[in-house]
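# the amino acid sequence is not available; the structure is as follows:
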């Protein structure tokens with residue numbers, strides 16, 4: 001099966017005073033193209049508080065198995081957000097001529113967040129839809145769960161984390177942030193095509209704490225965990241994506257254990 005599009009990719013937009021630099025993985029995209037010729041359209045939309053604030057469109061040309069027009073592979077955006085404003089960037093690539101792609105999933109890549117006065121950092125994107133684990137969650141449990149295993153709060157060292165929830169869909173969503181170890185739970189409503197930041201320091205009444213945080217909801221959100229200063233949340237150290245909760249076995253069934261044991265013995269005998 002061939003595809004004439006990549007599923008849109010979502011990135012958190014740059015915060016106040018920061019520049020966003022996205023360079024598409026052209027060599028890896030080339031490997032997904034069927035045939036020696038294709039023309040691609042790259043559409044980048046920036047949304048803030050439910051509104052489309054900017055659109056950039058570029059054409060990429062692929063001829064005789066090489067890129068002949070690739071200027072649009074790079075996108076730079078200087079933040080126009082105020083200190084407590086957040087936006088997100090949705091990148092979509094469509095094949096307007098050619099045989100198609102071998103996959104609908106764009107090859108993974110990192111983007112840069114650059115600031116002249118603060119630390120620079122990188123982050124990856126999230127699929128807007130089509131994540132197999134999320135689909136399995138909804139089928140099995142009827143709701144969605146993402147988590148991050150290593151949230152660290154240290155008030156003496158001025159270290160905090162925030163959960164950043166992007167809702168790139170057409171309906172507002174209600175989400176729950178849960179810290180089971182501390183029996184803490186907070187609900188938050190994120191409007192359609194908007195971003196909300198929840199400072200976990202305000203949920204955790206401990207001077208120092210490390211642990212797991214979950215975000216759940218009846219619909220999916222795009223989640224990042226932002227490591228930043230307590231005194232100034234614009235001083236960001238890292239921006240990490242969350243991971244879908246994996247409802248997998250915490251034990252190995254007897255039959256599986258015997259099968260693996262037989263496999264190892266056979267492998268050792270033949271080696």
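That came through, no problem. The structure displayed is predicted, hence computed values, not measured ones.

# from now on I want contacts and neighbour counts done on CA atoms only, so please keep to that.
Will do.

# who does residue 19 form a beta bridge with?
For residue 19, the beta-bridge partners are residue 78, residue 114 (DSSP bridges).

# please enumerate the strands of the stretch 1-150 of the chain.
Counting by DSSP state E, counting those that start in this stretch, the segments of the stretch 1-150 of the chain that form strands are 9-12, 19-23, 38-48, 51-63, 66-69, 74-78, 88-98, 110-114, 121-124, 126-127, 144-154.

# residue ranges with poor pLDDT in the protein?
246-271 (pLDDT under 70).

# so which residue is smack in the middle of it?
residue 126 (3.1 Å; C-alpha atoms, centre = their mean).

# and the strands of the stretch 1-150 of the chain, which is most packed in?
Per-residue neighbour counts averaged over each of those give the maximum for strand 9-12, namely a mean of 24 (mean count of other C-alpha atoms under 10 Å).

# quick one: the spatially closest residue to residue 42 that is not a sequence neighbour and residue 41, what's the gap?
What sits nearest to residue 42 in space, not counting adjacent residues and going by C-alpha to C-alpha, 6 or more residues apart in numbering, is residue 93, at 4.6 Å. Taking C-alpha to C-alpha, to the nearest Å as the measure, residue 93 and residue 41 are separated by 6 Å.

# can I get the strands of the stretch 1-150 of the chain in a markdown table with distance to residue 190?
Formatted as a markdown table, the entries for these read as follows, by distance: least, C-alpha to C-alpha, whole Å:
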| stretch | distance to residue 190 |
| --- | --- |
| strand 9-12 | 15 |
| strand 19-23 | 23 |
| strand 38-48 | 12 |
| strand 51-63 | 14 |
| strand 66-69 | 39 |
| strand 74-78 | 24 |
| strand 88-98 | 13 |
| strand 110-114 | 24 |
| strand 121-124 | 22 |
| strand 126-127 | 18 |
| strand 144-154 | 15 |
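
# looking at those, which is nearest to residue 237?
Between residue 237 and these, the shortest separation by C-alpha to C-alpha is 6.8 Å, and it involves strand 121-124.

# quick one: the helices in the chain?
When assigned using DSSP state H, the helices of the chain occupy the ranges 26-30, 132-141, 254-270.

# what does the shortest one contact?
The set of residues external to helix 26-30 that reach it, using C-alpha atoms under 8 Å, 6 or more residues apart in numbering, is 65, 66, 73, 106, 107.

# how near is the residue nearest to the centre of the chain to residue 242?
Remark: distance between residue 126 and residue 242 (C-alpha to C-alpha) = 10 Å.

# next: residue 106.
19 Å.

# also residue 25?
Between residue 25 and residue 242 the distance, using C-alpha to C-alpha, works out to 22 Å.

# between the two, point out the one with more neighbours.
Neighbours were counted for residue 25 and for residue 242 using other C-alpha atoms under 10 Å; residue 242 has more, 20 against 15.

# measure stretch 146-161 end to end?
16 Å.

# I'd like to know which of the contacts of helix 26-30 are buried.
Among the contacts of helix 26-30, those scoring as buried are residue 106 (criterion: 16 or more other C-alpha atoms under 10 Å).

# make TSV out of the contacts of helix 26-30 and add distance to residue 133.
Supplementary listing: these in TSV, determined by distance: C-alpha to C-alpha, whole Å:
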residue	distance to residue 133
65	34
66	35
73	29
106	17
107	18
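
# so what's residue 52 up against?
If you count contacts by C-alpha under 8 Å, 6+ apart, residue 52 has them with 45, 46.

# please name the bridge partners of it.
Applying DSSP bridges to residue 52 gives these bridge partners: residue 47.

# OK, contacts around residue 127?
Under the criterion of C-alpha under 8 Å, 6+ apart, the neighbours of residue 127 are 7, 8, 9, 10.
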